[in-house]
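Peer 1: Whatever this is, show me its structure:
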Amino acid sequence: MGREMSQEEKHLSWSLLSEKSLVKNQWIDFRESVWRFPDGREIGPFYTGSRKDYVVITAQDTDGNYVCVRQFRQGIREVTTEFPAGGIEEGEEPLSAAKRELSEETGYESDEWSFLSKIPSYATISDNYAYLFSARNCRKVSGQHLDSIEFVDVKTLTEKELRDLIREDRFQQAVHILAYFRAKEDLCGEG
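Peer 2: Model prediction:
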């Protein structure tokens, strides 16, 4: 899992001694583990989880407004404004998942996609990755096609409105904020 360690990193690596699943279902494999530190000490339990890799899409419509979604997030118990995002299904390519999620959550589609980054979602406690994409010149082609457990409103924001939300700590998904800045960097890097 993850990339191979270089020689100069090996002295920092921990060794897994034991691991057991505490909860394993369609949403998460939550595990307890014991590790050996580089100095020989054994320590545990540590708790980590496996979840699906997922995509985050910074989508802009033909007027340059950002296509966002609003939904309840049970972790912080608030309704958040964020970019369209969702899990990558088994065997699905990240770009296909991004196109599917944008369409399902918002009814928008795009022919102009850019891959921005693949980053660990939360490297301390989770082994999944976020694939960040930008979609430009998105156009509304249908209504939403939500899963039975999704309750999502679509909201378009101007650049200023989005930046204000970020500045005011009201655009609350850290990976989504990174996606925004990576998309801006990608756009500025053109030409």
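Peer 1: packing partners for the host helix or strand of residue 43?
Peer 2: Using DSSP states H and E, residue 43 maps to strand 42-50. Applying 3 or more Cβ pairs under 8 Å, 6 or more residues apart in numbering; DSSP states H and E, one finds that strand 42-50 contacts strand 15-24, strand 29-36. All C-beta atoms are positioned from the backbone trio N, CA, C, and that covers glycine.
Peer 1: Name the residues that touch it?
Peer 2: 17-18, 22, 28-37, 125-128 (Cβ atoms under 8 Å, 6 or more residues apart in numbering).
Peer 1: coming back round to it: pick the most deeply packed of the helices and strands packed on strand 42-50.
Peer 2: Greatest average neighbour count among those goes to strand 29-36 (a mean of 16), per mean count of other Cβ atoms under 10 Å.
Peer 1: possible to save the helices and strands packed on strand 42-50 as a markdown table with distance to residue 89 and mean pLDDT?
Peer 2: As requested, these are arranged in a markdown table below (distance: least, Cβ to Cβ, whole Å; pLDDT from 0 to 100):
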| stretch | distance to residue 89 | mean pLDDT |
| --- | --- | --- |
| strand 15-24 | 18 | 96 |
| strand 29-36 | 17 | 95 |
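Peer 1: Of those strands, which is nearest residue 53?
Peer 2: Among those, the nearest to residue 53 by Cβ to Cβ is strand 29-36 (13.5 Å).
Peer 1: Which residues outside that closest one are in contact with it?
Peer 2: 14-24, 42-50.
Peer 1: So what are the sheet partners of that strand and their directions?
Peer 2: Strands adjacent to strand 29-36 in the sheet, as given by DSSP bridges, are strand 15-24 (antiparallel), strand 42-50 (antiparallel).
Peer 1: can you redo those strands as JSON lines with distance to residue 159?
Peer 2: Below are the strands paired with strand 29-36 laid out as JSON lines (distance: least, Cβ to Cβ, whole Å):
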{"stretch": "strand 15-24", "distance to residue 159": "41"}
{"stretch": "strand 42-50", "distance to residue 159": "35"}
